[in-house]
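Asks: A predicted structure for the sequence below; I have some questions about it.
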Amino acid sequence: MRLNQIFIISFILFFTSAIISSDQKEFKIDFEKYTLKNGLQVILHLDRSDPITAVAIQYHVGSNREIPGRTGFAHLFEHMMFQESQHVGQDQFFKKIQNAGGTLNGGTWKDGTIYFQVVPNNALEIVLWMEADRMGYLLSTVTQEAFINQQEVVQNEKRQSYDNQPYGHTRYVIDKLLYSKHHPYHWQVIGSLDDLRNATLEDIRDFYTKWYGPNNATLVIAGDFDIIQAKQWVEKYFGEISSSESITDLTPMPVKLTETKRTFHEDNFAQSPELNMVFPTVEQYNKDSYALSLLGELFAFSKKAPLYKVIVEEKKLAPSVMAYQSSGEIAGVFQTRIRTFPTANLTDVEKAIFEAFERFENEGFTDEDLDRVKARTETSFYNGISSVLGKSFQLAQYNEFAGSPDFITQDLKNRIAVTKDDIWNVYEKYIKNKHYVLTSFVPKVKLELVAENSVRFPVEEETIEEQEAANLKLKSVKVDFNVEKIPSSFDRSVQPGFGPEPLLKLPEIWDAQLKNGIKILGIEHNELPLVEFSITLKGGKQLDDLNKVGVANLVSSLMMEGTKNKTPLELQEEIQKLGSRIQMFTLNESITIQANCLSSKLYETLDIIQEILFEPRWDETEFERIKKQTIEGINRSKANPSSIAWSVLNKLVYGKNHILAYETVGTAETVEEITIDDLKNYYDKYFSASVANIAITGNIKRDEAVKLFSSLNAWDNKNVTLPEFQIPSMPEKPSVYFIDIPNAKQSELRIGHIGLAYSDPDFHKATVMNYKLGGSFSGIVNLILREEKGFTYGARTTFTGANLPGVFVGSTSVQSNATFESVQIFYNEFNKYREGVSKEDLEFTRNALVKSNALRFETLGALRGMLNTISSYNLPYDYIKNEEEQIIKMTLDEHKLFAQKYIIPDKMIYLIVGDASTQLEPLKNLGFGDPVLLDREGNIIKQM
């Protein structure tokens with residue numbers, strides 16, 4: 001599932017940066033571990049801070065256990081595990097967990113597969129019942145129809161996430177070049193389309209039987225639960241499941257290149273060239289992997305870093321740079337990635353990388369540089385364990401891949417023990433004068449930008465005609481596959497009941513007001529030595545001039561680049577020394593500066609923020625760099641079909657004379673017109689205590705927080721008037737718009753009209769009404785387009801909005817040959833939904849939304865977000881209770897009334913971004929008039 005990419009990336013980033021300073025008490029997560037007779041390893045961790053429980057099952061099998069010709073199977077099987085098991089019906093895994101108020105998902109990567117849930121603590125037994133059922137009782141319910149459906153879903157995931165994205169084939173090319181044909185990292189986790197289509201039910205049986213035994217898994221329960229009762233449930237539901245064959249762990253298989261390999265690929269979607277230089281290194285937990293991780297940060301991740309200095313500041317070849325160590329179970333790489341400006345020649349970029357390496361060798365780095373890299377990771381570490389789900393991930397993965405949950409402590413020690421000599425040793429051992437893989441990805445017909453001496457790499461890309469043929473072939477397969485019911489010592493078809501309903505206790509909110517009127521809202525939260533706070537100024541993009549949209553965004557970007565008394569580098573180093581995270585950003589209606597820091601560093605962190613706020617540097621050089629970088633980002637977004645669809649939808653809904661028609665960053669044309677004086681004028685007019693509010697949560701008491709922020713009393717008040725905007729009306733009839741992306745493998749659909757403001761009294765009720773239509777995985781449009789038809793990886797409907805009105809929109813990305821039918825399905829289901837839902841559907845919505853409130857207040861970010869919501873919309877402190885009451889009291893008639901009032905398919909905009917040569921003509925038969933062909937910025941090309 002999509003989350004797997006996000007999960008594994010965040011896991012790598014976290015554990016390559018998680019340390020704790022030497023003067024701190026050794027960190028340890030308390031747990032109890034034991035093993036069932038069938039080999040299942042069980043880890044229990046108590047955390048009674050919130051009435052919720054997380055369950056994670058880590059299976060020690062990923063794509064590295066596949067064989068050529070059957071690639072993508074571990075990930076495909078993950079999808080099958082969500083379908084049905086012997087005692088849990090079709091599509092009930094999501095529905096039952098959502099009905100309990102919980103969340104769930106899974107993820108597959110090269111080395112493993114994980115499934116997880118977070119639920120109110122009264123639903124733990126239900127989770128264990130379901131997880132055990134798919135571990136031991138899946139095969140008897142696997143059908144050819146369900147298997148074909150998930151084959152189609154995964155193929156669409158590949159099209160959406162890889163084939164239809166700029167640079168989507170980068171990892172594919174690198175791994176093909178780096179690893180030999182039979183190396184387990186040679187193929188991609190998603191697999192090839194041919195292999196996905198050729199997978200059989202027999203493969204399902206063999207894969208499940210071999211890899212999904214309890215002796216190849218770790219079960220973690222973390223959160224608020226009764227240990228004795230949990231052990232009884234684990235034994236009851238998992239104890240009688242038979243072990244699979246004994247599994248031998250893979251041993252490290254590091255790669256050694258005998259030559260440098262140089263290839264290029266013409267990318268159908270890319271707007272700018274990209275160069276990757278990849279050196280083979282070592283597997284995770286190898287002593288050298290820690291030093292390589294720090295090497296990457298020293299080489300690239302600061303304004304002082306040689307790669308940044310050479311490529312971004314001096315040669316101006318790219319807006320940013322990356323270099324990092326990525327280690328798996330059996331091998332690793334050190335990768336440098338440069339996504340350049342459009343006209344940069346990748347030969348020059350390659351030479352610049354080596355110039356940066358030479359500078360690194362000649363200038364080296366100081367002890368202070370190394371300390372700064374280590375310092376900021378303590379904060380990262382504590383943030384990583386701020387949720388029971390985060391802790392369950394860590395305990396499960398350390399147990400499976402390092403041999404013990406306790407290895408978390410040793411892992412931290414290993415990183416902090418890295419010395420300067422260690423970093424120089426790995427540089428000499430793996431980087432200096434070593435062979436590497438070099439890939440050049442360039443836009444179509446831009447071969448002159450390819451790095452010299454590179455050869456074309458063949459990337460298999462399907463045609464739209466092949467999609468249709470493949471779907472017909474899949475649906476023509478008829479296989480008899482019968483597995484007898486698997487016996488159990490008790491009746492597993494009886495779903496366990498819920499325990500006592502956990503009492504929802506809203507966090508206690510305190511408030512205060514500074515002498516200049518700034519309001520402070522806070523929540524004391526003492527689980528970890530962390531504090532998170534934000535200072536928000538009303539205004540944001542809505543205060544921009546239409547001819548210079550993007551000013552507010554540039555203000556927040558440039559203010560982070562130094563202060564009156566600190567250069568950009570000095571400011572960055574000061575923040576890093578504290579280990580704090582400070583960011584400043586612009587939204588439609590606000591500018592926010594926020595920080596996350598150790599409570600011991602809170603005063604120093606606020607001192608820096610005040611310097612940023614009140615002593616801006618207005619650095620001309622940084623302004624020009626950020627302006628150029630912003631324009632480059634805008635132009636790159638025109639290569640992404642999903643970004644194009646969202647951007648143009650707003651222009652169609654609001655009209656081009658409305659501020660909400662434009663992204664916060666502006667357009668390339670408006671940003672080009674912006675001067676540094678525009679930023680100064682914005683700051684002088686709109687940065688005022690009169691529009692500011694503060695939210696703070698964490699390890700700090702009210703009185704201490706008020707004392708902390710009293711230094712802001714000197715902030716002057718100004719008269720800032722927020723503009724009023726006319727709300728656009730809906731069109732009188734439906735209209736179809738099409739944006740051509742030649743050879744697009746999928747079509748992006750955005751279907752909607754003007755909606756409500758969050759501040760509108762009907763907004764929350766409309767959101768409740770929408771839940772069953774498309775507000776979750778179990779929404780109607782997702783179940784039809786994904787689970788029934790197999791057209792997409794996911795489909796949703798949603799209401800957006802703040803103090804200004806948002807949109808109601810249905811969105812999805814479907815395989816190209818399903819474009820017409822998918823638009824029809826949206827239209828038909830919208831109309832059906834207006835006729836009302838069943839009593840059961842409304843009850844499901846109530847349960848899912850009310851019970852899920854138990855999960856809403858676990859982390860500092862969630863608590864701060866709640867405080868910001870209260871401030872932004874002037875809500876009562878117990879607004880959550882008010883929302884609950886609206887959900888509970890909603891009737892079928894009220895639900896129907898809101899659907900008819902706020903979902904009007906005959907006044908919607910139907911926007912399609914895809915391949916016009918094959919998909920445009922059929923859309924004339926929708927009955928909405930002839931489609932209007934637009935360019936990628938929403939300008940009319942012609943009426944068809």
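Replies: Sure, I can see it.
Asks: SS state for Gly522?
Replies: strand (DSSP: H, G, I helix; E, B strand; the rest coil).
Asks: that one pairs with what?
Replies: Trp510, Ile696 (DSSP bridges).
Asks: what count of nearby residues applies to it?
Replies: Residues near Gly522, counting by other C-beta atoms under 10 Å, number 28. (Each C-beta comes from the backbone N, C-alpha and C, glycine too.)
Asks: and the gap between the closest residue in space to Ala291 that isn't next to it in sequence and Lys577?
Replies: What sits nearest to Ala291 in space, not counting adjacent residues and going by C-beta to C-beta, 6 or more residues apart in numbering, is Asp422, at 4.0 Å. As judged by C-beta to C-beta, to the nearest Å, Asp422 and Lys577 stand 22 Å apart.
Asks: just Asn526 next, same as before
Replies: For Asn526, the distance to Lys577 equals 25 Å [C-beta to C-beta].
Asks: comparing the two, which residue is more hemmed in?
Replies: Taking neighbours as other C-beta under 10 Å, Asn526 and Lys577 compare with Lys577 leading, 15 against 12.
Asks: what sits closest to that one if chain neighbours are left out?
Replies: Arg372 (5.6 Å).
Asks: list the contacts for the one you found?
Replies: By C-beta atoms under 8 Å, 6 or more residues apart in numbering, Arg372 lies in contact with Ser302, Glu573, Gln576, Lys577.
Asks: by neighbours, which of these wins?
Replies: Going by other C-beta under 10 Å, Gln576 tops these with 21 neighbours.
Asks: state the mean pLDDT of the helix or strand hosting it.
Replies: Here Gln576, judged by DSSP states H and E, is contained in helix 568-578. Regarding helix 568-578, the rounded mean pLDDT is 95.
Asks: touching that helix from outside, list them.
Replies: Contacts of helix 568-578 (C-beta under 8 Å, 6+ apart): 302-304, 371-373, 375-376, 560-563, 566, 581-582, 597-598, 601, 604-605, 608, 612, 617, 619, 622.
Asks: off-centre distance for it?
Replies: 27 Å (C-alpha atoms, centre = their mean, to the nearest Å).
Asks: low pLDDT regions in the stretch 301-450 of the chain?
Replies: In the predicted model of the stretch 301-450 of the chain, residues 376-378 satisfy pLDDT under 70.
Asks: per-domain residue ranges of this structure.
Replies: Per the record, the chain has its domains at 3-249, 261-456, 509-643+654-714, 735-943, by automatic domain parsing.
Asks: any idea which of the ones you listed gets closest to Ser488?
Replies: With C-beta to C-beta, the closest approach to Ser488 among the domains of the chain belongs to domain 3-249: 6.7 Å.
Asks: let me know the average pLDDT across that closest one.
Replies: According to the model, domain 3-249 has a mean pLDDT of 88.
Asks: burial count for Gly927?
Replies: Neighbours around Gly927, by other C-beta under 10 Å: 9.
Asks: ok, now Ser244?
Replies: Ser244 has 18 neighbouring residues, counting by other C-beta under 10 Å.
Asks: assumed it was part of a strand.
Replies: No. Counting by three-state DSSP, Ser244 is located in no strand; its state is coil.
Asks: extract the residue ranges of the stretch 801-944 of the chain that are flagged as low pLDDT.
Replies: Ranges of the stretch 801-944 of the chain meeting pLDDT under 70: 944.
Asks: 80 - rerun?
Replies: Counting by pLDDT under 80, the ranges of the stretch 801-944 of the chain that qualify are 943-944.
Asks: quick one: the helices in it?
Replies: 819-833, 839-851, 860-873, 879-889, 892-902, 916-919 (DSSP state H, counting those that start in this stretch).
Asks: so for Ser140, which of the ones you listed sits nearest?
Replies: It is, among these and with distance given as C-beta to C-beta, helix 839-851, at 26.9 Å.
Asks: pull out the buried positions in stretch 314-330.
Replies: With burial defined by 16 or more other C-beta atoms under 10 Å, the residues of stretch 314-330 counted as buried are 315, 317-319, 321-330.
Asks: kindly check the end-to-end length of it for me.
Replies: One end of stretch 314-330 to the other measures 38 Å (C-alpha to C-alpha, to the nearest Å).
Asks: ok, stretch 824-841 next?
Replies: 23 Å.
Asks: now do it: everything it contacts.
Replies: 734, 749, 751, 772-773, 780-781, 784-785, 789, 810, 892, 895-896, 899-900, 903, 905, 908, 910, 926.
Asks: so which of these are in strands?
Replies: Judged by DSSP state E, strands contain the following of these: Leu749, Ile751, Gly810, Tyr910.
Asks: for the contacts of Arg372, which one is nearest Ile126?
Replies: Gln576 (45.2 Å).
Asks: emit the PyMOL select command for whichever of the contacts of stretch 824-841 are buried.
Replies: To isolate the buried members of the contacts of stretch 824-841 in PyMOL, using 16+ other C-beta under 10 Å:
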select buried, resi 734+749+751+772+773+780+781+784+785+789+810+895+896+899+903+905+908+910+926
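Asks: Pro805: which of the helices of the stretch 801-944 of the chain is closest?
Replies: Closest approach to Pro805 among these is made by helix 892-902 (11.3 Å; C-beta to C-beta).
Asks: which residues touch the closest one?
Replies: In this structure, residues lying in contact with helix 892-902 by C-beta under 8 Å, 6+ apart are 755-756, 762, 765-766, 768-769, 773, 799, 808, 833-837, 839, 842.
Asks: next one: stretch 384-396
Replies: By C-beta under 8 Å, 6+ apart, stretch 384-396 touches 7, 11, 14, 18, 29, 31, 43, 45, 47, 50, 52-58, 114, 116, 118, 218-223, 405, 408, 527-528, 530, 858-860.
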